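>>> quick one: sequence plus predicted model below, questions after.
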Amino acid sequence: MKRFFTSLALPFLVLAGTSAVDMQAHLGTKEAQEAYTAYIAKQKKYYRGDNAPDKLRAMSGNELFGALNTLMGNTTQIGNSTFTYNSLRTQYVNVDKDLNVPGNIIGYYDGSSMNGTWDSGKTYNREHTWPHSKGADKDTPMGHDMQSVRPANTAINSDRGNTPYGEHGAYYDPDEVAINNSWYVPSNLGSYRGDCARVILYDYVVYGEAGGYKNELYLGNAQLLSKLGTNGVFESIPVLLKWHMNDPVSLTEMVRNDGAHTYQGNRNPFIDYPELAILMLKAANGVTTYSVTTTGVTIWPAYSLTTKDGFIAYLGDKENRPESVTVSGATSSYDKETGRLTIRNVSQNISITAPVPSALEDIKEDKKALKTMYHGQLIIIKNGKAYNALGMPVNFVD
């Protein structure tokens, strides 16, 4: 069976000088995999012990909320007086960095590349994903949390104003904002719906309360389901999860999650492990979940559950993507060039199947050195050629 991620040792910072990086790219591209390697290394150091990924995935509902609430609250330094709303403006250049242009940052909503030097708000200002009206006053930790308060092109930010996120009518939908960055590959554009949803999930789990769980940062404001409408991401958990799953985590979010972690000590767990959002909220009214199983292929995000709205996932690196994918239980489409698998209109439990190559085919196609057994004989594969234990070339006969 083919492997999903290759093991690359290059730190992602070298990318700026060697190749054009699609900042909205997902894990199906070479550049994204290199950045992903550095991202995973930092991620693994954060989720350990009782907060190891497998232990978190074994929880659900309020128990999972409590575990994440405690972890995020205990590791953030945001309550320290040195962290302020004003300090954010000089730190975005280290957090929202554009890997193609040193000194530039990536803007929220439109993906624009902007000079990261603060110019009193002429180029960019600070956008509260969770608005002031719902508790994110700039003088509270929630109002100057790097994970939540994002840099945005001043004009784009003004267009949003105080309009709540959502679909239809009087809501603000970031899916309608044009991406303004030449490095963003059209097939990977996605939207900022998912980014917004994951910030809302983060704020809720850090500053909210559920099932009696809350930390010292709780001020009684970060609550979902405030009954203001049915199409808004604060008011409708199905809409929140739909945005989260239909716009998967991008390289942009991974890079800034690492940067925010360095800045204030905690991470956004819904960027690191998107499936936790479904596990935490699946018991909510209006959320119907279906199991997801895979055969012969690994998908990312590694969803074991989905809602009726489905999700978008990515399959392997460029050399190891399957030629085709069969999906039952939903409508689907698969783009081999990007490895993008889109699941829609889920009606039953999902089964995703890809052809599994024979052991011999896998050996012959592998481009990296490995050791394996073939008919009881140790075979070493290096640079696409096969050798026996003595280093003598081996020729396979199909």
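Structure's in. What do you need? Residues are numbered from 1 along each chain as shown.
>>> and residue 194, what's its pLDDT?
pLDDT recorded at residue 194 is 96.
>>> oh, and call the first residue 394 from now on, that's how I've got it
OK, 394 is where the count begins now, so the last one is residue 587.
>>> residue ranges with poor pLDDT in this protein?
394-412, 421, 526-528, 618-622, 710-712, 749-771, 775-777, 781-785, 789-791 (pLDDT under 70).
>>> residue closest to the middle of it?
The centre of the chain sits closest to residue 642, judged by C-alpha atoms, centre = their mean, with a distance of 2.5 Å.
>>> disregarding residues adjacent in the polypeptide, which is nearest to that residue?
residue 664 (5.3 Å; C-beta to C-beta, 6 or more residues apart in numbering). Where C-beta positions appear, they are placed from N, C-alpha and C, glycine not excepted.
>>> hmm, residue 648 and that neighbour touching each other?
No - judged on C-beta atoms under 8 Å, residue 664 makes no contact with residue 648 at a distance of 10.3 Å.
>>> helix/strand/coil for the closest residue in space to residue 629 that isn't next to it in sequence?
Closest residue in space to residue 629, ignoring its immediate chain neighbours: residue 623 at 5.6 Å, by C-beta to C-beta, 6+ apart. What DSSP: H, G, I helix; E, B strand; the rest coil gives for residue 623 is coil.
>>> distance of residue 623 relative to residue 474?
41 Å (C-beta to C-beta, to the nearest Å).
>>> for residue 723, same thing?
50 Å.
>>> list the residues that contact residue 517.
Residues counted as contacts of residue 517 (C-beta atoms under 8 Å, 6 or more residues apart in numbering) are 485, 498, 500, 507, 544, 545, 546, 547, 550.
>>> show me what it is bridged to.
residue 546 (DSSP bridges).
>>> phi, psi of the nearest residue to residue 561 once chain neighbours are set aside?
Spatial nearest neighbour of residue 561, chain neighbours left out: residue 624 (5.0 Å); criterion: C-beta to C-beta, 6+ apart. When read as degrees, to the nearest 10, the backbone of residue 624 gives phi -120, psi 10.
>>> quick one: residue 624 from residue 424, how far?
Taken as C-beta to C-beta, the span from residue 624 to residue 424 is 36 Å.
>>> my read: residue 629 touches residue 677, true?
No - between residue 629 and residue 677 there is no contact under C-beta under 8 Å: 9.6 Å.
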